[in-house]
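>>> With the input below, show me the fold.
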Amino acid sequence: MQAGLSVRQLVEDLGPAFVRLAVDGPAADRPLTGVCLYDPTAPDEIEPGCVVLGIGVAPGSALDGFGRRAATAGANAVAVKGLTGPPECPVPVLEVNAGAPWMHVAAVLRERLLDHARSQVRHTSESDDLFALANAISLIVRAPVTIEDRSSAVLAWSAGQEETDEARVATILGRAVDDRWLGTLRARGVFRQLHTSPGPVYVDPVAPGMLPRVAVAVRAGTDVLGYVWAAVSGPLSEPQESDLMRLVPLAAVHLINARTSTTHARRKRREAVAALLGGGVIAPEAAVDLRLGTGPLCVLAAGARDAGTPADTDACAAAALQRFADRLDLYLGAVHTGAVTSPGDSEVYAVLTWPRRQPDEALASSQALARDFLSRASVEGEYVIAVGGPVLSPARLVTARAQADAMLRVLRDEPAGRAVGTLEDTVLPLLLRQLTDSSAALGLPETTGSLRRLEERDGPDGVLVETLSAYVRASCVAEAAAEALHVHVNTIRYRLRRIRQLSGLDFADAEAMLLLHLQLRMRVLRRRDGIDAHDKPVARS
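Numbers count the residues shown, from 1 in each chain. Predicted coordinates:
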């Protein structure tokens with residue numbers, strides 16, 4: 001088998017409009033093994049022989065340190081954006097077109113490496129049934145088997161999984177390995193061992209009650225495409241290992257054929273989804289290409305509850321978002337084949353069409369599907385999904401996407417709130433959020449009228465302001481406010497009289513109370529956003 005694609009060949013294939021070789025070196029002629037996203041919190045996870053995408057790495061000292069860490073880990077190249085001059089770096093440096101999103105860069109590089117690997121592999125079997133192959137391997141090793149891709153998404157499994165452990169069953173049901181077990185395996189260096197070992201690796205149980213595992217990397221040349229995992233009672237015998245290694249190349253052929261043939265179509269499909277959700281002149285053409293059919297449509301906007309740093313500027317966020325997007329895509333491919341997905345900067349979108357359903361049925365089905373995915377993907381509490389729509393035509397998907405975006409922001413405002421939201425159950429906080437944004441855009445003061453006068457006398461965090469806020473939250477019931485503040489109800493009544501004297505607030509004036517309530521609620525949102533009354537960042541502990 002010929003060597004993998006080198007750095008120099010990769011640059012020549014993709015052309016200077018996309019990438020150029022800014023720093024040459026001996027490693028530019030070495031074969032690349034894959035593409036890695038750089039995680040500054042875990043530099044040891046850089047895989048030998050790969051090209052490392054320096055997302056957010058700026059030229060200068062940051063690039064120098066990044067290059068040294070990559071060289072120490074055995075990387076063959078690094079990729080960055082925005083170079084202003086020839087950098088100093090111990091490994092070859094690829095300068096990527098600044099206008100290309102990092103997600104697109106990773107996909108293009110990965111696809112090119114896989115195309116090259118496919119051209120080097122000769123077909124050794126006509127069978128493309130990965131499940132049959134899993135069963136064949138299972139008979140050899142006498143243990144239940146899964147075949148997984150490089151991101152640990154489950155592609156096929158053998159019979160007999162009921163004889164394993166709960167972790168394996170959960171993996172099959174969720175179509176992906178739980179993040180907890182993946183973290184333990186990475187910490188133990190299991191994946192590093194798999195990528196460097198030519199044969200099977202025995203893995204001790206990662207938790208009580210779990211069986212040991214035997215795993216082997218599935219390769220095309222030097223490129224790791226995925227893994228075969230067997231839940232075993234003990235190490236394999238030498239004949240079993242030998243027979244297993246004779247079947248592993250069949251898995252490689254299948255994975256290469258499947259991924260190469262679908263990558264281009266999948267990318268085109270995601271681009272069509274993005275065009276459809278963005279509206280504009282090409283949206284109708286995108287709707288035709290996607291063949292969404294008739295019936296109500298809903299838009300899912302999914303993302304991490306803690307949005308943190310945008311995924312297009314942070315490697316950790318990018319890697320997590322890509323893994324989440326892959327899981328959602330795999331899940332929808334199994335349970336809702338008409339769905340289409342498209343990743344954004346810090347969220348993932350999915351368009352669901354429901355033929356022969358009424359709008360309320362489509363909404364309920366979309367909501368149930370979102371809940372089921374979060375429970376099966378083992379990310380409950382970490383991710384949230386907003387359901388926009390339903391709408392009755394593809395032309396209205398722009399509106400459904402805007403609704404989903406707004407609701408996703410509301411869900412992220414609730415640190416321990418619901419995981420799935422619709423307009424029906426988020427309309428009040430959504431309206432408050434929109435009102436807060438509009439008032440800030442108009443430069444309106446945070447408080448006016450009676451609340452402003454009270455704060456001038458008592459301070460924005462004074463006892464009387466706190467009492468008034470608790471009283472309003474308690475639906476103007478003094479006893480409930482007293483219980484919330486852990487004071488006697490007569491103390492509340494005294495403070496309310498003082499509030500009336502200092503601010504002139506008329507508790508019987510419905511409009512004055514409505515304005516007060518809105519200002520108090522909007523102030524919470526503004527402070528959560530880190531903006532005080534003078535549009536300055538609020539100090540955080």
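>>> in terms of contact, does residue 19 touch residue 98 like I think?
No: checked against Cβ atoms under 8 Å, the pair residue 19 and residue 98 is beyond contact range at 11.2 Å. Placement of C-beta: from N, CA and C, glycine included.
>>> Please say which of these two ends up with more neighbours.
Comparing residue 19 with residue 98 by neighbour count (other Cβ atoms under 10 Å), the higher total belongs to residue 19, at 22 against 9.
>>> and the more buried one, bridged to which residues?
The bridge-partner assignment for residue 19, based on DSSP bridges, gives residue 96.
>>> Same check on residue 230?
On DSSP bridges, the residues paired with residue 230 through beta bridges are residue 145, residue 214.
>>> show me what contacts it?
The neighbourhood of residue 230, defined by Cβ atoms under 8 Å, 6 or more residues apart in numbering, consists of 137-138, 141, 143-145, 213-215, 236.
>>> just those now: which is nearest residue 79?
Distance from residue 79 was checked for each of the contacts of residue 230 by Cβ to Cβ. The minimum falls on residue 215, at 29.2 Å.
>>> And for the residue nearest to that closest one when sequence neighbours are not counted, the neighbour number?
Nearest non-adjacent residue to residue 215, counting by Cβ to Cβ, 6 or more residues apart in numbering: residue 229, 4.8 Å away. A total of 24 residues lie near residue 229 under the criterion other Cβ under 10 Å.
>>> what's near enough to touch residue 229?
With contact set as Cβ under 8 Å, 6+ apart, residue 229 has these partners: 145-148, 213-215.
>>> Out of those residues, which is nearest to residue 93?
Set against residue 93, the nearest of the contacts of residue 229 by Cβ to Cβ is residue 148 (32.6 Å).
>>> list the contacts for the closest one?
Residue 148 makes contact with 154-155, 177, 226-229 under the criterion Cβ under 8 Å, 6+ apart.
>>> Please convert the buried members of these into PyMOL selection syntax.
One line in PyMOL is enough to select the buried ones among those; burial here means 16 or more other Cβ atoms under 10 Å:
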select buried, resi 154+155+177+226+227+228+229
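>>> Serialize the contacts of residue 148 to JSON lines and add fields for pLDDT and distance to residue 491.
Shown next, in JSON lines, are these (pLDDT from 0 to 100; distance: Cβ to Cβ, whole Å):
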{"residue": "154", "pLDDT": "81", "distance to residue 491": "60"}
{"residue": "155", "pLDDT": "82", "distance to residue 491": "65"}
{"residue": "177", "pLDDT": "80", "distance to residue 491": "56"}
{"residue": "226", "pLDDT": "88", "distance to residue 491": "66"}
{"residue": "227", "pLDDT": "93", "distance to residue 491": "65"}
{"residue": "228", "pLDDT": "94", "distance to residue 491": "69"}
{"residue": "229", "pLDDT": "95", "distance to residue 491": "64"}
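>>> Filter the contacts of residue 148 down to the ones in strands?
In strands, defined here by DSSP state E, the members of the contacts of residue 148 are 154-155, 226-229.
>>> Going by distance to residue 69, which of those residues wins?
Among those, and counting by Cβ to Cβ, the member closest to residue 69 is residue 227, at 25.8 Å.
>>> Done for today, thanks.
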